[in-house]
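In: below is the sequence, then the predicted model.
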2 protein chains.
Amino acid sequence: MDYFFFPKSVAVVGASRTPGKVGYELLRNLIEFYKGTIYPVNPATDEVLGLKAYPSIKAIPDKVDVAVISVPADKVAEAAVDAGEAGVKGLIVISGGFKEVGPEGAERERKLVEVVRKYGMRLIGPNCVGVYVPKSGMNTLFLPRTRQGFPPDGRIAFISQSGAFGSAVLDWAALRGLGISKFVSYGNKADVDDDDLLEYLRDDPDTKVITMYVEGVEDGKAFLKSLKETTPVKPVVILKSGRTEAGARAASSHTGALAGQDVIYDAAFKQSGVIRAYGMEELFDMGLALAFQPPAAGDRVAVLTAGGGSGVMATDALSDLGLKVPKLSDDTVSKLRRVLLPIASPYNPVDVTGSARDEHFLESVEILMRSGEVDAILWLPYYIIPGVTEKLNVEFVKRVNSINKELPHPIPVVGVATGGQYTSKYSAEAESLGIPMYISPERAAKAVKALVSYGKWLIKSGTYEEYIRRFYS
Amino acid sequence: MDYFFFPKSVAVVGASRTPGKVGYELLRNLIEFYKGTIYPVNPATDEVLGLKAYPSIKAIPDKVDVAVISVPADKVAEAAVDAGEAGVKGLIVISGGFKEVGPEGAERERKLVEVVRKYGMRLIGPNCVGVYVPKSGMNTLFLPRTRQGFPPDGRIAFISQSGAFGSAVLDWAALRGLGISKFVSYGNKADVDDDDLLEYLRDDPDTKVITMYVEGVEDGKAFLKSLKETTPVKPVVILKSGRTEAGARAASSHTGALAGQDVIYDAAFKQSGVIRAYGMEELFDMGLALAFQPPAAGDRVAVLTAGGGSGVMATDALSDLGLKVPKLSDDTVSKLRRVLLPIASPYNPVDVTGSARDEHFLESVEILMRSGEVDAILWLPYYIIPGVTEKLNVEFVKRVNSINKELPHPIPVVGVATGGQYTSKYSAEAESLGIPMYISPERAAKAVKALVSYGKWLIKSGTYEEYIRRFYS
């Protein structure tokens, strides 16, 4: 399915000259982002947005990899035949008016799939916003850039059953600075579904973690199989909606599909090592940690903080999630005491205090990592304190990475940076160096939990060593 | 205690000419923010930061309301005597080196309190960052503005037992655009404590909600009494750390005080109608809702959304918190059907769809509010959809407010706006008009829960009607 994400050429069927129309905004976004060749298709005009327009796909002189279709529902099958005749490999049907509107639409969808099968094509949609791939610029989203932001290239794949939610998340991710490898909104998933995408993303070298927003799946058995085949290789984090009775009722009036009993999904996720998120922020907080840090080989966490209060909150949050914040051995405590300020607290949390300087973080993290007493580190640097310099992040990450190379099991580090503008600048820097940073101890604790859970799953699956080797290669 | 927050004049004992020193940065912040008269006190110099310096407070020719003290611990008592002799009303002692450092410091603290009592003064601190009051500019925080942001004037009071956490939160609140009425970090609370502050803030017309970060209280009985006297009048939201076993251990090594068994705090909070937060974001998410929206008179919530998926997630989140998302009556459904698009869903969630225009939100919210079937509304507008105009917020709030005037019990409305830059602009506008907006359905659901819980408490206390009358006056 590479052609969906890295097509050499794209036809836009329903390309429009009217601003505000899907066929206009979509084409405009594609022109702005996409690096390949674009062919507008519109029988009523010769030119759209400065590009030569064609009356049909067949009329295009070159090979077309993907046709993006945004004509009215009753014209889609015809466009699909045109695409099939022209040797197009993949269709992305944005248009709604299919299964989601009732029996008539369902019949229309069945016929569309027939065409797709006949010509050996694949189909994303209908009733979706399609794909966004920063690396190739492939982008079928149709909201104008003034309203919708687009995140940069990155390590997180995001599959969304809801187009609206998917768009909003991309917009949010752009502001948050979260990098995306591939975004897919598959709408009614008449052809390409979760299983196809999991299979593709499993082997996709650009994707380090797969995040999904799921409302319901048709074939639970196949989904479970796909998940089981994916999680030993790559972490999968899922936000499943329609969990509660009222939520399931809402989902059924939204998609027409049954959300299914949550206990069944929950059991399937547990059985297949899926990490479950209970909200949008959680989905990406955990996704980010899994994309940038190695999984933990155990559940013992050290809290390394410059603020006593935040250290306590972090400890509470970790404990709430069933993680250990163990007492350190006398030996480790005395090693810490030797390098810290007299007012510092060398226990766990290790509180270097607001009087700390960069070296106190560097030496403590080294002692903690080499102690053999912890499996993960939650770091709360407080960039605003006077003794912290602008070199802290670089030095800290260098130290952590070099120690991890020597350890039998690498120790993941995630951070907390509660604050405003100044702090955000440094926490963005830490992230660019590979340490995910969170606004609160509670959110960071959930990220640590994801690393611990996934580590446990990999060990159980017998793929931990291989995963770690790949992670660092 | 008004003089702490609105002093006519402030002496800064330990004012320094050396950038980076507390006595320099604190004075610089005060000069920038404070509207009253400032007297630097430093026997070694005639002038600090362009202001005439005095060798002692007694040497100041005018009356001084508050003395902010940042000299070394062993000089603090002497400065306090000087302040007492000069007729100062309040001391804010920033300096550390008291109870928190052990028996010697505790003795020092005892002597300081003796001086304070002798002269009939009050004391905030020691070992604290003091107060910040946007309205008067009173500001004793000592981080340079380049590192620390300061939030605007607003309705939320915030009391923090941790100075570092308090500073970080103010910084975060500044970026978030959260308005603060009063911030107090009381450190070791040798004199002014939670009870004094609750008593003061209870009657403070500028404060609509009291938020607190608490690590532990000495006199639980007095605290419970203060809370019980406050919550029938004003909502109190508390983030208590040291909740878990590991957290309590961390807290005890941090403050030297026992965090106390959480079951006892939890029972006290329940008994006194305190709304409990389990994280920083939750504390202010709930505080914001209580500051701007009336409490709900029941637990039935309508979800009004433009995105089906988000509507389902909102329903899940509300259900998780024990709130009802009830089916609407046939009558209400048919009223909704009449005003909505054919593809819209007139149930609960009411899904106006991505094709909606402003009027669909306006008419639905009116029907829902007048139905008598719901007590609160969770609104998910999706500002990015094409049919939503820049007038939506203003029109929506106008409609909600005018209907609320006619209803026997007002219906609170909070919103969700997941997105990036464009969305943030509109969600900030909605907040400036009084509707708190959240990035995710899960966070908004917690805000609704706070409004429901507080409404229930007011009804139980017999103060609901009076609170509502005051809320709208």
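Out: It's in.
In: drop to CA atoms for contacts and neighbour counts, all remaining ones
Out: Fine.
In: what ranges do the strands span in the stretch 101-250 of chain A?
Out: Counting by DSSP state E, counting those that start in this stretch, the stretch 101-250 of chain A has these strands, from start to end: A:122-124, A:130-133, A:138-139, A:153-160, A:180-185, A:209-214, A:236-240.
In: turn those strands into TSV, including distance to chain B, mean pLDDT and mean neighbour count.
Out: As requested, those are exported to TSV (distance: least, Cα to the nearest Cα, whole Å; pLDDT from 0 to 100; neighbours: other Cα atoms under 10 Å in any protein chain shown):
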stretch	distance to chain B	mean pLDDT	mean neighbour count
strand A:122-124	19	98	24
strand A:130-133	16	98	26
strand A:138-139	17	98	26
strand A:153-160	10	98	23
strand A:180-185	12	98	26
strand A:209-214	9	97	24
strand A:236-240	9	97	25
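In: indicate which one of those is closest to residue A:398.
Out: For the strands of the stretch 101-250 of chain A, proximity to residue A:398 was assessed by Cα to Cα; strand A:153-160 is nearest, at 21.0 Å.
In: the closest one vs strand A:236-240, what angle?
Out: What separates the directions of strand A:153-160 and strand A:236-240 is an angle of 40 degrees, with axes from the mean of the first three to the mean of the last three Cα atoms, to 10 degrees.
In: so what are the sheet partners of strand A:153-160 and their directions?
Out: Each strand that strand A:153-160 pairs with, and the sense of that pairing, follows from DSSP bridges: strand A:180-185 (parallel), strand A:209-214 (parallel).
In: number of nearby residues for the residue of the stretch 1-150 of chain A at minimum distance from chain B?
Out: When scored by Cα to the nearest Cα, the stretch 1-150 of chain A has residue A:147 as its residue closest to chain B, at 5.3 Å. Applying the criterion other Cα atoms under 10 Å in any protein chain shown, we find 16 residues in the vicinity of residue A:147.
In: excluding covalently adjacent residues, which one is nearest to the residue nearest the centre of chain A?
Out: By Cα atoms, centre = their mean, the mean C-alpha position of chain A lies nearest to residue A:156, the distance being 3.7 Å. Counting by Cα to Cα, 6 or more residues apart in numbering or on different chains, residue A:180 is the residue found nearest to residue A:156 once chain neighbours are left out, at 4.7 Å.
In: pretty sure that neighbour contacts residue A:155?
Out: Yes - in this structure, residue A:180 sits in contact with residue A:155. The criterion is Cα atoms under 8 Å, and the distance is 5.6 Å.
In: so what touches stretch A:172-180?
Out: Contacts with stretch A:172-180, where a contact means Cα atoms under 8 Å, 6 or more residues apart in numbering or on different chains, come from A:133-134, A:149-158, A:288, B:418-421.
In: buried stuff in it?
Out: Of the residues in stretch A:172-180, those scored as buried under the neighbour-count criterion (16 or more other Cα atoms under 10 Å in any protein chain shown) are A:172-175, A:177-180.
In: quick one: which of these sit in helices?
Out: A:172-175 (DSSP state H).
In: between these, which sits nearest residue A:123?
Out: Using Cα to Cα, residue A:173 is the member of those that lies nearest residue A:123, at 26.4 Å.
In: residue ranges for the helices of the stretch 301-450 of chain A, please.
Out: Applying DSSP state H, counting those that start in this stretch to the stretch 301-450 of chain A gives helices spanning A:308-320, A:330-339, A:358-370, A:392-406, A:421-432, A:441-461.
In: how about residue A:388, what does it touch?
Out: For residue A:388, the contact set (Cα under 8 Å, 6+ apart) comprises A:356-358.
In: I should have written residue A:28 there, sorry.
Out: If you count contacts by Cα under 8 Å, 6+ apart, residue A:28 has them with residue A:49.
In: for it, grab phi and psi.
Out: phi -60, psi -40 (degrees, to the nearest 10).
In: equivalent analysis for residue A:11, please.
Out: Note on residue A:11: backbone dihedrals following degrees, to the nearest 10 are phi -100, psi 140.
In: number of nearby residues for it?
Out: Neighbour count of residue A:11, defined by other Cα under 10 Å: 27.
In: same question, residue A:146
Out: Here the number of neighbours of residue A:146 (other Cα under 10 Å) works out to 9.
In: how about residue A:253?
Out: With other Cα under 10 Å as criterion, residue A:253 counts 19.
In: low-scoring stretches of the stretch 151-300 of chain A, by residue?
Out: Per-residue confidence for the stretch 151-300 of chain A (pLDDT under 70) gives these ranges: A:254-260.
In: how close does the residue of the stretch 101-250 of chain A found nearest chain B get to residue B:440?
Out: Distances from the stretch 101-250 of chain A to chain B, computed as Cα to the nearest Cα, single out residue A:172 as the nearest residue at 4.2 Å. Computed as Cα to Cα, to the nearest Å, the residue A:172 to residue B:440 distance reads 10 Å.
In: ends of stretch A:376-384, what's the gap?
Out: Separation of the first and last residues of stretch A:376-384 by Cα to Cα is 24 Å.
In: what average pLDDT does it get?
Out: Summarised as a single mean, pLDDT over stretch A:376-384 is 96.
In: near chain B at all, that stretch?
Out: Yes - contact check for stretch A:376-384 against chain B, using Cα under 8 Å from any Cα of the partner chain: residues in range are residue A:384.
In: and that stretch, how far from the chain's centre?
Out: Taking Cα atoms, centre = their mean, to the nearest Å, one finds the center of stretch A:376-384 at 24 Å from the center of the full chain.
In: kindly report the same for stretch A:452-464.
Out: 20 Å.
In: thinking again about what came up before, between the contacts of residue A:388, which has the most around it?
Out: residue A:356 (22 neighbours).
In: so that residue is in contact with residue A:304, correct?
Out: No - here residue A:356 lies out of contact with residue A:304, judged by Cα under 8 Å, at a distance of 11.8 Å.
In: thinking again about what came up before, now do the contacts for the residue of the stretch 1-150 of chain A closest to chain B.
Out: When contacts are counted by Cα under 8 Å, 6+ apart, residue A:147 touches B:384, B:421-423.
In: biggest separation within the residues you listed, which pair?
Out: In terms of Cα to Cα, these reach their longest pairwise distance at B:384 and B:421, which sit 10.5 Å apart.
In: higher neighbour count, these two?
Out: The residue with more neighbours, out of residue B:384 and residue B:421 and counting by other Cα under 10 Å, is residue B:384; that gives 25 against 17.
In: which residues of the stretch 351-473 of chain A lie near chain B?
Out: A:354, A:384-386, A:418-423, A:440-442.
In: for residue A:100, give me the pLDDT.
Out: Residue A:100 carries a pLDDT value of 87.
In: that one contacts residue A:106, correct?
Out: Yes - taking contacts as Cα under 8 Å, residue A:100 lies within contact range of residue A:106: 7.4 Å.
In: any buried residues in stretch A:417-426, and which?
Out: In stretch A:417-426, the ones that count as buried by 16+ other Cα under 10 Å are A:417-424, A:426.
In: now tabulate those residues in TSV and tack on pLDDT and distance to residue B:267.
Out: Putting those into TSV (pLDDT from 0 to 100; distance: Cα to Cα, whole Å) gives the following:
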residue	pLDDT	distance to residue B:267
A:417	96	32
A:418	95	29
A:419	93	32
A:420	93	35
A:421	93	38
A:422	94	39
A:423	95	37
A:424	95	38
A:426	97	40
